[in-house]
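Asker: dropping a prediction and its sequence here:
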Amino acid sequence: MSQTLQNAAQLLQAGKPLEAASVCREALRLNPADVRASIMLGQIARQTGDAAEAVRIFQQLRQARPGDSQIAGELGASLSAANLHGQALPLLEQAARDFPTAVQWKVWLGSCHLKLFNTVAAIRVLGEARELAPDSPEVAIHLANALLTGARPNEAEPLIRGFLERHPDSVAAMLTLAGILEHMSRLDEASGVLRRVLALRPGFEPALAGLARLLRAQGKYKDALALLEPVAGGEPTANQAMAIAPIYLAEKRFEECRALFEKVLAQDRLPEPVRASLNFGLGQACQGLKEYDAAFRAFKRANDLFPKSFNRQHRLRLYKEIRDVFSAESIRTGPRAGVDAGRCVFIVGMPRSGTTLVEQIIDAHPRAFGAGELVALPETVEELARRIGGQAPACLAKLDQALLDEGGRRYLGHVTRLAPQAERITDKLPHNFEMIGLISRMLPGARVIHCRRDPIDNCVSCYFTQLSAWHSYSNDLSHLGWAYGQYERLMEHWRFAADVPMLDVRYEDVVADIETHARRIIGFLGLEWDERCLRFYEGERAVTTASVDQVRQPIYRHSVARWKRYGAHLKPLIESLRAAGVALDEA
């Protein structure tokens with residue numbers, strides 16, 4: 001390495017990335033063919049949040065050096081940082097194959113698998129990385145997060161605690177442990193871990209934001225504000241704004257919230273994902289102020305910043321395979337597990353269709369437990385596909401009695417550990433609607449509650465909410481209407497084909513007459529009525545979904561027919577819904 005690039009590396013190690021980038025640019029001015037300088041410049045761009053620039057640099061390098069596996073891996077890492085995980089995966093796989101003992105590529109590959117919800121593959125790759133580097137903080141933390149995502153917090157916790165025994169002051173590990181404890185609803189323990197981080201690093205933003213989030217999840221808004229407001233004065237950072245703004249919104253301090261977001265959005269060099277999150281918040285503030293045109297513009301800016309990764313043909317193939325594998329005939333005549341899944345309740349539907357409201361009603365019952373959005377079922381499917389040696393859902397046509405028993409026991413074991421005494425346990429991952437055929441055969445006795453909402457309101461709520469990459473259709477109104485139509489078609493298939501008790505619950509009906517429909521839901525579960533189910537908003541259980549603030553309130557009706565406030569802005573959505581055959585209320 002030349003002296004110039006050694007200087008750049010020293011600046012980078014000293015926490016001065018912008019100065020290091022300037023040195024690299026000067027090296028390239030003197031020698032435009034300096035590959036090492038270009039690689040370092042791309043790495044700096046990625047590390048400082050400018051994933052788009054990193055992608056540009058490494059794409060140019062790859063054109064010049066197509067056989068260079070390091071450059072392929074760097075491009076893959078940059079594409080993943082830009083949320084283009086599908087494009088990143090084959091490049092990272094290539095780098096991991098060509099450098100089998102290099103931990104960095106396994107970490108990036110495992111992280112990419114995780115972003116694509118390939119949890120089993122992520123755990124496998126990161127496990128290999130841990131064998132190569134058992135004392136690496138990065139590996140331990142990524143593996144713990146993969147185990148947590150794979151609904152295996154009981155394995156993630158001892159892994160990260162073991163690491164902390166050797167490195168008791170590792171702030172990154174403590175933050176990971178706090179996240180694991182939060183997932184397990186051990187909020188007091190999580191708070192204690194974060195307070196220890198703050199004792200080591202006073203004012204550390206991720207710890208402050210995490211502690212405020214825990215307080216907010218418990219409905220302790222004033223305590224959260226007392227923690228955040230002293231550090232968010234003057235020129236707030238993006239992280240500070242996104243931590244404090246949800247509390248302002250919950251307390252209807254919309255003017256302050258808008259001013260906060262506008263101040264941060266005026267800052268230079270904000271990474272696109274951060275700018276998107278800030279615009280979602282700005283849209284919510286404008287909506288609270290009844291400035292609906294401004295709100296829609298902010299939401300559109302937010303969605304436009306996401307990569308356009310949704311593929312209609314892929315979704316069509318996926319749903320066709322699901323219908324073919326789990327036809328009415330195969331469900332009627334195929335083998336099924338010999339387990340009793342009577343305690344399992346799946347709350348399904350499109351995101352933002354009222355699933356959290358239904359779960360909170362059920363969770364208020366003393367003999368039920370709301371487990372939240374579990375990934376245990378998709379993770380079980382990944383494991384079954386691995387055992388069969390194929391790609392789900394097509395390979396699930398080969399499920400036999402033994403595999404169905406194994407999958408059923410695996411899922412039941414997970415939910416039972418969460419609430420051993422509960423007679424009913426809910427799993428409200430919305431897109432489990434894709435797996436109702438598998439539920440019929442693998443978890444006999446389970447019940448399904450299908451949440452429905454006015455299609456336009458449902459889609460608008462998705463568009464106005466920052467959903468995960470799993471829901472990439474939600475970033476475009478035309479795709480959103482089309483995807484809604486595909487969801488409706490699949491649900492029609494299940495009504496004809498599936499052999500599982502299913503209750504349709506319409507959001508508008510619940511908010512119009514909470515008692516009638518709460519009694520209907522509890523009766524469907526085979527439980528006696530309990531008045532506490534009407535006071536679900538008084539519960540102390542933490543809520544961490546996008547509905548965290550709504551479920552702290554009694555039933556309200558202002559989300560019904562909300563779409564009418566946005567007029568002509570929604571024309572692409574309405575046209576797409578109609579083209580997809582979705583029945584709309586013309587009024």
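Answerer: Cool, the structure landed. The structure presented is a predicted model; accordingly, all values stated were derived computationally and were not measured.
Asker: separation between Ala579 and Leu573?
Answerer: Separation of Ala579 from Leu573 (CB to CB, to the nearest Å) stands at 11 Å. No exception for glycine: its C-beta is placed from N, CA and C like everyone else's.
Asker: now do the helices in the stretch 51-200 of the chain.
Answerer: Assigned by DSSP state H, counting those that start in this stretch, the stretch 51-200 of the chain shows helices spanning 51-64, 69-81, 85-98, 103-115, 119-132, 137-149, 153-166, 171-183, 187-200.
Asker: and the strands in the stretch 301-450 of the chain, which stretches?
Answerer: 344-348, 368-370, 424-427, 447-452 (DSSP state E, counting those that start in this stretch).
Asker: what comes into contact with the last one?
Answerer: The contact list for strand 447-452 (CB atoms under 8 Å, 6 or more residues apart in numbering) reads 344-350, 353-355, 358, 430, 433, 436, 439, 491, 498, 500-507, 521, 524-525.
Asker: give the contact list for Asp50.
Answerer: Counting by CB under 8 Å, 6+ apart, the residues that Asp50 touches are Arg269, Pro271.
Asker: apply 7 Å and report the result again.
Answerer: Asp50 sits next to Pro271 when contact means CB atoms under 7 Å, 6 or more residues apart in numbering.
Asker: before we move on, what about Met242?
Answerer: Counted by CB under 7 Å, 6+ apart, Met242 has contacts Ser277, Gly281.
Asker: rerun at 10 Å
Answerer: When contacts are counted by CB atoms under 10 Å, 6 or more residues apart in numbering, Met242 touches Ala209, Pro236, Leu260, Phe261, Val264, Val274, Ser277, Leu278, Phe280, Gly281.
Asker: pLDDT score assigned to the second one?
Answerer: The predicted structure scores Pro236 at 82 on the pLDDT scale.
Asker: with mean neighbour count as extra columns, can I get the strands of the stretch 301-450 of the chain in JSON lines?
Answerer: Below are the strands of the stretch 301-450 of the chain laid out as JSON lines (neighbours: other CB atoms under 10 Å):
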{"stretch": "strand 344-348", "mean neighbour count": "26"}
{"stretch": "strand 368-370", "mean neighbour count": "24"}
{"stretch": "strand 424-427", "mean neighbour count": "24"}
{"stretch": "strand 447-452", "mean neighbour count": "23"}
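Asker: please name whichever of the ones you listed is nearest to Ala394.
Answerer: Among those, the nearest to Ala394 by CB to CB is strand 344-348 (21.7 Å).
Asker: quick one: the closest one to strand 447-452, angle?
Answerer: Relative orientation of strand 344-348 and strand 447-452, computed by axes from the mean of the first three to the mean of the last three CA atoms, to 10 degrees: 10 degrees.
Asker: pLDDT weak spots in this protein?
Answerer: Where the chain drops to pLDDT under 70, the residues are 1, 151, 232-234, 539-560, 586-587.
Asker: find the centremost residue of it, please.
Answerer: Central residue of the chain (CA atoms, centre = their mean): Ser468, 4.1 Å from the mean position.
Asker: from memory it sits against Asn475, does it?
Answerer: No - between Ser468 and Asn475 there is no contact under CB atoms under 10 Å: 11.3 Å.
Asker: residues in contact with Asp340?
Answerer: Gly408, Leu412, Leu443, Pro444, Gly445, Ala446.
Asker: mind doing that once more with 8 Å?
Answerer: Pro444, Gly445.
Asker: how close does it get to Gly408?
Answerer: Distance, Asp340 to Gly408, by CB to CB: 9 Å.
Asker: cool, and Ala190?
Answerer: According to CB to CB, Ala190 stands 32 Å off from Gly408.
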